[in-house]
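Q: Provide a 3D model corresponding to the input given below.
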Amino acid sequence: MSKKLLLLCFVVCITLCAKAQVPQALNYQAIARNTDGTIIPGQSIGVRFSILDGGASGTVLYQETNQVVTNNFGLFTLAIGNGNSVTGSFTSIDWGTVSTKFLRVEIAPQGGNNYQLQGATQFLSIPYALYAEKTKLVAGNGISILNGNTISANYQAGVGINISGNTISGSYVAGTGIAITGNTIAGNYVAGSGVTITGNIISSSATNNSWLLAGNTGTNTTNFLGTTDNQPLLLRTNNTDRLRIDAGQAINGGSLSTAFLSEFASIRTSPAQLVIYGKDVNGISVPLHLFSSVEGMTWTATGGNNNTLGRFMRMTQMNSANYSTGNYFDIGIDQGVSLYISDRGQNSVTGVLPKKMITISPQNFVGINFNWGEDPTANLHTKGTLRFEGVNTNNTLTRILVMDVNGNVASRDANTFGNSFWVADVNGIHNSNTGHVGIGGQSSNLHALIVDMMDNTSDGRAIVKFTSNDLWQTNLWMHNTSNNASFNFVVGGVNNTLATYGAGAKGFGIVNVSNGSTIPLIITEDNKIGISNSLGGTNNTPRSRLHVRDGDIYIDQIGAGVIMKSPNGQCWRMTVSDAGTPVFTSIPCP
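A: As a prediction, this is how the structure comes out:
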């Protein structure tokens, strides 16, 4: 099996020196592991580095290959820039350009050139220290540099500017509304409507404080935008309510406020929509981020102060005119730090712990149908039934799913089960003649098939049902290989209408396959029983309740005979005398 390396540690080190040559290399260190997490110690591997411009799939600025041997802990260290150059030059990379730089890592687990992509990572601030070598200062116009670290300027005074030694002063001219006294510039301001000027303080003289369309100045921590009475805050456009923040309700001395994009009364006619446009910047920011604090809270469903279930979002569909009832689903993070989507809840029901229909645990296991406080223990863990539909049939496949006593499922080749298990073949699956199968109960080495139904039913239902849509007959075949004897139990189909062949439509028959497929017993749709020893040539249909078509009826027990009832209701047993004449004896009717 090929090995795939997992890079668990990535370290890039840059050494900068103010007066010496900057090292043209980046240190890289990682631990090599198999796909199952096993460390690969003491093995030669191939590593190929590529520095890309502009993105993870950008232009290759530089590429090199390396051969390195991992230590006893699977650790290896390389210096990017000192390998065997394949493309470009490491020293010619322009780290000062605006475009981003990415490092792509490829590994050949067995050495050689069979490289496998491990990923591409953006360089952030540290590698750009290499650009420090190019920041050698050059004096521009009016600038002089002494001893390499002293910068001085040869300033030239412009219009209205005076330079005396290291002092720069201005020859200012006061404009309209401006007064200059010495080095003080003051304004001759004129107070407008609602504004008071006292000395250098400008304040509002309006009856109520106002928020200006162009913004406010002079605000402090006591200023706010909102209401001081028990009324909601409304935000309107086109004189229509667009956002409402209610007055809130007290929670432990704080407040819990709800923001509405539209009033309840207008949901049917003027529903609101919330659209958020955003962008994930550098893998850090998200367009919509929900925060919720559970510090010091109790995890219960009873409600009230200081109780929580870690809900983040609820999706509700109201189904009443006054919005008092509805169905909802919750999304949240429980006390075990597992993400969950709850089962359906109802607004009118409280104090019930939700069932976690979908759970993602801290180990990234996915669970289905879990109770509160439970977490999945496998990549996919379901409690309850599992159903597949629309699965393609492929008789060439031989792998099947198996499950241990703990419910863990794995794939297994059907051929590994041996002769005592079900084995896949080109027609489906089969069990060898040494297999023992139990349905509804334990199997037994005394029987090839045991069918148990222990449902405590009282309606006389069938334990086993055999059904076919064959137009001639439904056929159940019993065969003994020791003497090649075979009998069939058949039920006639819609086309089984030949009087000289078969059990007849809706009739039941026992067929002696070993004796030329004769039908020794037939039961018709109207419950007439026929006994015969042949098939074909004459009408097989029974003509009376018991019809013996050929052969004898033999009664060998003395005193036993045929019981018949006379018209007066008296029962008679007919036997035979030693002389061979019929003898009728009156007996109680059975």
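Q: contact partners for D452?
A: Residues near D452 by C-beta atoms under 8 Å, 6 or more residues apart in numbering: G438, I439, G440, G441, I463. Every residue, glycine included, has its C-beta placed from N, CA and C.
Q: in strands only, show me those residues.
A: Counting by DSSP state E, the part of these found in strands is G438, I439.
Q: C-alpha coordinates for stretch 183-202, PDB please?
A: Extracted C-alpha coordinates of stretch 183-202, given in PDB (Å, rounded to 0.1, in the frame of the first residue of the first chain):
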ATOM      1  CA  ASN A 183       1.200  81.800  16.800                       C
ATOM      2  CA  THR A 184      -2.500  81.500  17.700                       C
ATOM      3  CA  ILE A 185      -5.000  80.900  15.000                       C
ATOM      4  CA  ALA A 186      -8.600  81.500  16.000                       C
ATOM      5  CA  GLY A 187     -11.900  81.600  14.100                       C
ATOM      6  CA  ASN A 188     -14.500  84.300  14.100                       C
ATOM      7  CA  TYR A 189     -17.400  81.800  14.100                       C
ATOM      8  CA  VAL A 190     -21.000  82.800  13.700                       C
ATOM      9  CA  ALA A 191     -23.500  80.600  15.600                       C
ATOM     10  CA  GLY A 192     -26.200  79.200  13.400                       C
ATOM     11  CA  SER A 193     -29.700  78.100  14.400                       C
ATOM     12  CA  GLY A 194     -29.700  75.800  17.400                       C
ATOM     13  CA  VAL A 195     -25.900  76.300  18.000                       C
ATOM     14  CA  THR A 196     -24.300  78.200  20.900                       C
ATOM     15  CA  ILE A 197     -20.600  79.400  20.900                       C
ATOM     16  CA  THR A 198     -19.000  80.200  24.300                       C
ATOM     17  CA  GLY A 199     -15.300  80.800  24.000                       C
ATOM     18  CA  ASN A 200     -13.900  77.800  22.300                       C
ATOM     19  CA  ILE A 201     -16.900  75.600  23.100                       C
ATOM     20  CA  ILE A 202     -19.600  74.900  20.400                       C
END
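Q: one step back: make CSV out of the contacts of D452 and add neighbour count, distance to D375 and pLDDT.
A: Output for those, formatted as CSV (neighbours: other C-beta atoms under 10 Å; distance: C-beta to C-beta, whole Å; pLDDT from 0 to 100):
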residue, neighbour count, distance to D375, pLDDT
G438, 13, 34, 77
I439, 12, 35, 79
G440, 11, 33, 74
G441, 11, 34, 73
I463, 10, 41, 84
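Q: just flag the most distant two among the contacts of D452.
A: Pairwise distances across those peak at 13.1 Å for G438 and I463 (criterion: C-beta to C-beta).
Q: ok so, going back, nearest to G310, of the contacts of D452?
A: Of the contacts of D452, the one sitting nearest to G310 (C-beta to C-beta) turns out to be G440, at 43.5 Å.
Q: skipping adjacent residues, who's closest to G296 in space?
A: N306 (7.3 Å; C-beta to C-beta, 6 or more residues apart in numbering).
Q: give me the distance between the one you found and S203.
A: For N306, the distance to S203 (C-beta to C-beta, to the nearest Å) stands at 44 Å.
Q: quick revisit: the residue nearest to G296 against M297, yeah?
A: Yes: taking contacts as C-beta atoms under 8 Å, N306 lies within contact range of M297: 5.4 Å.
Q: the more surrounded of these two?
A: Remark: of N306 and M297, M297 carries more neighbours, 14 against 10, as counted by other C-beta atoms under 10 Å.
Q: can you pull the domain assignment for this protein?
A: Per the record, the chain has its domains at 26-134, 224-289, 302-382, 399-444, 473-553, 554-590, by automatic domain parsing.
Q: point to the residue nearest the middle of the protein.
A: V366 (6.3 Å; C-alpha atoms, centre = their mean).
Q: and the residue nearest to that one when sequence neighbours are not counted, how many neighbours?
A: The spatially closest residue to V366, leaving aside those adjacent along the chain, is L380, at 5.3 Å (C-beta to C-beta, 6+ apart). For L380, the neighbour count with other C-beta under 10 Å is 11.
Q: any idea how far L380 lies from N394?
A: Distance, L380 to N394, by C-beta to C-beta: 22 Å.
Q: for V548, same thing?
A: 54 Å.
Q: next: N369.
A: On the measure of C-beta to C-beta, N369 and N394 end up 30 Å apart.
Q: which one's more surrounded, those two?
A: Per other C-beta under 10 Å, whichever of N369 and N394 has more neighbours is N369, with 16 against 6.
Q: what sits up against the host helix or strand of the more buried one?
A: Assigned by DSSP states H and E, N369 belongs to strand 366-370. With contacts defined as C-beta under 8 Å, 6+ apart, strand 366-370 is touched by 340, 355-361, 374-376, 379-384.
Q: what separation do you get for the spatially closest residue to G384 that is not a sequence neighbour and Q346?
A: Leaving out its chain neighbours, the residue that sits closest to G384 by C-beta to C-beta, 6+ apart is N369, at 4.8 Å. Distance of N369 to Q346, given as C-beta to C-beta: 19 Å.
Q: next, F466: phi, psi?
A: The phi/psi pair for F466 (degrees, to the nearest 10) reads phi -110, psi 120.
Q: from memory it sits against Q473, does it?
A: No: at 11.7 Å, F466 does not count as touching Q473 under the criterion of C-beta under 8 Å.
Q: quick one: which of these two has more around it?
A: Ranked by neighbour count (other C-beta under 10 Å), F466 and Q473 place Q473 first, with 22 against 10.
Q: list the residues that contact that one.
A: V490, V491, G492, G493, N496, G502, A503.
Q: need the helices for the stretch 251-400 of the chain, in chain order.
A: Taking DSSP state H, counting those that start in this stretch, the stretch 251-400 of the chain contains no helices at all.
Q: ditto for the stretch 51-200 of the chain
A: Secondary structure of the stretch 51-200 of the chain (DSSP H, counting those that start in this stretch): no helices located.
Q: quick one: low-confidence residue ranges for it.
A: For the stretch 51-200 of the chain, the stretches with pLDDT under 70 are 125-139, 142, 147-149, 193-194.
Q: okay, now the unreliable bits of the stretch 401-550 of the chain?
A: 417-435, 499, 533-538.
Q: what about the strands in it?
A: For the stretch 401-550 of the chain, the strands defined by DSSP state E, counting those that start in this stretch cover 409-413, 422-425, 428-431, 437-439, 449-451, 473-480, 485-492, 508-512, 518-523, 529-531, 546-548.
Q: contact partners for the residue nearest to V437 when sequence neighbours are not counted?
A: Excluding the flanking residues, the one nearest V437 by C-beta to C-beta, 6+ apart is L449, at 5.1 Å. Going by C-beta under 8 Å, 6+ apart, L449 touches H436, V437, G438, I439.
Q: among those, which pair sits farthest apart?
A: Taking C-beta to C-beta, no two of these sit farther apart than H436 and I439, at 11.3 Å.
Q: which neighbours do those two have in common?
A: L449, I450.
Q: burial check on L234, number of neighbours?
A: 13.
Q: wouldn't A448 be in contact with V437 here?
A: Yes: between A448 and V437 there is a contact at 6.7 Å, judged by C-beta under 8 Å.
Q: sorry, back to before: of the contacts of Q473 - the most surrounded one?
A: A503 (26 neighbours).
Q: ramachandran angles for that one?
A: As for A503, its main-chain torsions (degrees, to the nearest 10) stand at phi -90, psi -10.
Q: how about it, nearest residue that isn't a chain neighbour?
A: Residue nearest to A503 in three dimensions, not counting chain neighbours: G509, with 3.2 Å by C-beta to C-beta, 6+ apart.
Q: again, but for G559
A: The nearest residue in space to G559 (C-beta to C-beta, 6+ apart) is T575, at 6.6 Å.
Q: state the number of residues packed around that neighbour.
A: Neighbour count of T575, defined by other C-beta under 10 Å: 15.
Q: cool, and the one 5 residues further on?
A: Under the neighbour criterion other C-beta under 10 Å, G580 is assigned a count of 6.
Q: helix, strand, or coil at it?
A: Recorded secondary structure, G580: coil (DSSP: H, G, I helix; E, B strand; the rest coil).
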